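Engineer: Predicted model and sequence follow; I will ask about them next.
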Amino acid sequence: MPRVTYIESNGTEHVVAVPIGASVMQGARDNLVPGIEGDCGGLCACATCHVYVEPEWAKRCGEPDELETNILDFAFDVTPQSRLSCQIQVTEALDGLVVRLPVRQY
Amino acid sequence: MSDPLQEPARRLLDVLPEAALIVDAGGTVRYLNDAATELLGYRRAELEGFDVATVIASQPGQRVDVVAWFARWAEEPNSPQLRYLTLTGRARHGAQLRLSVRVAKLEAEPRCYLVTLRDVTAEQREQQDVKHAYLVASRILAISDDAIVNADKDLNVTFFNRKAEALFGVKTADIVGHPIERLLPERYRRAHAGQIANFRDSKSPSRLMGERGEIVGLAATGEEIPLEASITKVFVEGEPTFSVQLRDIRQRKAAERARAASEQRFRTMFEHAMEAIALLDPSGAVLELNTAARALLGGATGAVGRKFWQLPWWPRLADAAERERRERAIEETVGRCARGAEIRTREELVDLRGERHVIDFSLRPVWEASGADRTVASIVAEGRDITSLVPPT
């Protein structure tokens, strides 16, 4: 199973195995990673699963679509690395992915 | 400013319990109903004609353009985002509000939006508190040193923590939704279902480790694992859920077996020694006496607990004064040993049959701790019958 590292804003790291096909948001929720809420359950409708994808992984995660880009309006401290983690599907190619979590989701 | 509302519509809005604003496409507030004045703390004259950003705006760090989203939601009034996204309101008295909004486009000139607002601040705070408490509790359960398995009313597994995965060698994904009895050896399964049913129907909310006997779990490898278990039940909407906490006692049982074997070996050595051996506490009371020591005393029973010098060392001695003198001598010797002296001496005893025994006798203190703080914890008394080595007098 690919492993994903979630780094909280305070520096705490959570390295978890996420099944192929699950989203990065699901991986966080299933493994009780604090700082990713995912209120809408993955509908790209709440902006509470905001993460920063490390630059070297951005291309492998794909480009955000228009809806995701729009919904990111509601996230805080958005940067060019910002993504909604419910929209990143885990594949073998993402084994080792590192994402950082923002200070707040609300 | 032209009025986008006719009087009947205005009156209708004013009786609505929900706060409502009419905002034009440029973001100017054209009207707010009575509920909105109450929610936001502004009088109509203080907001009508002013930018809606006075009361609804993005927060620092957010880039949301409120009026642009009004336009978007007006086109998609059933958008799923409206169920989850909230805007930030600022009431006149400074309170920050989380507002759930609904937007409708009004057929008016200029183009306007009817925006209804619902204050979800307390609701959202409560949800966050519940989520936080859930996360904290879940993480505690996840890292618990005991295996934790939850099951629903049908005894299908609903939760399986990391320790349970390690204990049974089963992944959470492979057991959740399956019967908990998979974790038991076949021969216990039928009885287990009955025991759980009894527990479900009992008045007791929990049964704790120690209140029930040991149980046996079945690992994926087929190994049977001795376990201690606590179980608790919670009824949610009339249906029971069960949470079981399991402690692997393999190591403890192995330690118990090792301790028992060690005790057995010690006992064998102690009881089969040629020398008579007694263990005394520092006051001289007998704690242990081996077979050779009991034989030396003519098979005396009831020695444990008595003072060492009060044992029947001189069964044929009728002279009470002499007996008293000898007892005081041994008492004094034991006392010296209790203060740290090592003593070795030769004693003569005459047994019940009148046979004389010469005993190589020693008392040795057993120290507790070391250095200046050390104290005598017990005394080892040893006696070896050397009669055959000593020429008769």
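Structural biologist: Good, I have the coordinates. Residues are numbered from 1 along each chain as shown, chains lettered A, B, ... in the order given.
Engineer: Next, the contact list for the residue of the stretch 151-300 of chain B at minimum distance from chain A, please.
Structural biologist: The stretch 151-300 of chain B approaches chain A most closely through B:Ala173 (7.7 Å), counting by Cβ to the nearest Cβ. (Each C-beta comes from the backbone N, C-alpha and C, glycine too.) By Cβ atoms under 8 Å, 6 or more residues apart in numbering or on different chains, the contact set of B:Ala173 is A:Pro19.
Engineer: Next, B:Lys203: secondary structure please.
Structural biologist: Of the three states, B:Lys203 takes coil under DSSP: H, G, I helix; E, B strand; the rest coil.
Engineer: Am I right that the residue of the stretch 151-300 of chain B closest to chain A falls within a helix?
Structural biologist: Yes. Under three-state DSSP, B:Ala173 falls within a helix.
Engineer: do you know how far it is from A:Ala17?
Structural biologist: 11 Å (Cβ to Cβ, to the nearest Å).
Engineer: can you pull out the helices in chain A?
Structural biologist: Listed in chain order, the helices of chain A (DSSP state H) span A:24-30, A:55-61, A:66-71.
Engineer: Chain B contacts on chain A?
Structural biologist: A:19, A:32, A:34, A:37, A:39-40, A:43, A:45-48, A:70-78, A:106 (Cβ under 8 Å from any Cβ of the partner chain).
Engineer: Buried ones from those, can you make that a ChimeraX selection?
Structural biologist: Buried residues within these, by 16 or more other Cβ atoms under 10 Å in any protein chain shown, are selected in ChimeraX with:
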select /A:32,34,37,39,40,45,46,47,48,70,71,72,73,74,75,76,78,106
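Engineer: mind listing what whichever residue of chain A sits closest to chain B touches?
Structural biologist: Chain B sits closest to A:Cys46 of chain A, with a gap of 3.6 Å, by Cβ to the nearest Cβ. Listed by Cβ under 8 Å, 6+ apart, the contact partners of A:Cys46 are A:37-40, A:71, A:74, B:81, B:84-85.
Engineer: Do you know the pLDDT at it?
Structural biologist: A:Cys46 is assigned 92 on the pLDDT scale.
Engineer: same thing with B:Arg356?
Structural biologist: At B:Arg356, pLDDT is 85.
Engineer: And the closest residue to it other than its chain neighbours, how far from B:Pro315?
Structural biologist: Once flanking residues are discounted, B:Arg356 sits nearest to B:Val350: 5.4 Å by Cβ to Cβ, 6 or more residues apart in numbering or on different chains. Applying Cβ to Cβ, the value for B:Val350 to B:Pro315 is 8 Å.
Engineer: now B:Gly383
Structural biologist: Separation of B:Gly383 from B:Pro315 (Cβ to Cβ): 16 Å.
Engineer: Which one of these two is surrounded by more residues?
Structural biologist: Higher neighbour count among B:Gly383 and B:Pro315: B:Gly383, with 21 against 14, using other Cβ atoms under 10 Å in any protein chain shown.
Engineer: Ramachandran coordinates for B:Gly371?
Structural biologist: phi 70, psi -150 (degrees, to the nearest 10).
Engineer: Correction: the previous question concerned B:Phe270.
Structural biologist: phi -60, psi -50.
Engineer: Report the contact partners of it.
Structural biologist: B:277, B:288, B:290.
Engineer: let's see 7 Å
Structural biologist: B:277, B:290 (Cβ atoms under 7 Å, 6 or more residues apart in numbering or on different chains).
Engineer: For it, report the pLDDT, please.
Structural biologist: 94.
Engineer: Apart from its neighbours in sequence, what residue is nearest B:Tyr31?
Structural biologist: Counting by Cβ to Cβ, 6+ apart, the residue nearest B:Tyr31 is B:Ile22, at 4.1 Å.
Engineer: and that neighbour, that's in a strand?
Structural biologist: Yes. Using three-state DSSP, the assignment for B:Ile22 is a strand.
Engineer: Correct me if wrong: it contacts B:Cys112.
Structural biologist: Yes. The criterion here is Cβ atoms under 7 Å, and B:Ile22 meets it with B:Cys112 at 5.3 Å.
Engineer: what pLDDT does the most centrally placed residue in chain A get?
Structural biologist: The structure's chain A has its C-alpha centroid closest to A:Ser85; by Cα atoms, centre = their mean the separation is 2.7 Å. Looking at A:Ser85, its pLDDT is 98.
Engineer: in the sheet, who's paired with the residue nearest to B:Tyr31?
Structural biologist: B:Tyr31, B:Leu114 (DSSP bridges).
Engineer: if I look at it, how far off is A:Thr69?
Structural biologist: Applying Cβ to Cβ to B:Ile22 and A:Thr69 gives a distance of 30 Å.
Engineer: again, but for B:Asp152
Structural biologist: Taking Cβ to Cβ, one finds B:Asp152 at 41 Å from A:Thr69.
Engineer: B:Leu349 now?
Structural biologist: 103 Å.
Engineer: Which one of the two is surrounded by more residues?
Structural biologist: Of the pair B:Leu349 and A:Thr69, B:Leu349 is the one with more neighbours under other Cβ under 10 Å, namely 20 against 14.
Engineer: Please identify the buried residues of the helix or strand where that one lies?
Structural biologist: Here B:Leu349 sits within strand B:343-350, counting by DSSP states H and E. Neighbour counts over strand B:343-350 (16+ other Cβ under 10 Å) mark B:Leu349 as buried.
Engineer: now it, how far from the chain's geometric center?
Structural biologist: The chain centroid and the centroid of strand B:343-350 are separated by 58 Å, computed with Cα atoms, centre = their mean, to the nearest Å.
Engineer: Tell me the helices and strands packed up against it.
Structural biologist: helix B:320-338, strand B:356-368 (3 or more Cβ pairs under 7 Å, 6 or more residues apart in numbering or on different chains; DSSP states H and E).
Engineer: which stretches of the chain have low pLDDT?
Structural biologist: Defaulting to chain A. Applying pLDDT under 70 to chain A flags no residue at all.
Engineer: actually chain B
Structural biologist: For chain B, the ranges with pLDDT under 70 are B:1-5, B:392-393.
Engineer: can you rerun that using 50?
Structural biologist: For chain B, no stretch is flagged by pLDDT under 50.
Engineer: Give me the neighbour count for the residue in it that chain A sits nearest to.
Structural biologist: Going by Cβ to the nearest Cβ, chain A is nearest to B:Tyr84 of chain B, at 3.6 Å. A total of 19 residues lie near B:Tyr84 under the criterion other Cβ under 10 Å.
Engineer: residues touching the closest residue to B:Leu32 other than its chain neighbours, list them.
Structural biologist: Once flanking residues are discounted, B:Leu32 sits nearest to B:Leu21: 5.0 Å by Cβ to Cβ, 6+ apart. With contact set as Cβ under 7 Å, 6+ apart, B:Leu21 has these partners: B:29, B:32, B:36, B:52, B:115, B:117.
Engineer: what's the farthest-apart pair in the residues you listed?
Structural biologist: Farthest pair in those (Cβ to Cβ) is B:Val29 and B:Leu117. Separation: 12.0 Å.
Engineer: Quickly compare the helices of chain A and say which is most buried.
Structural biologist: helix A:24-30 (a mean of 23; mean count of other Cβ atoms under 10 Å in any protein chain shown).
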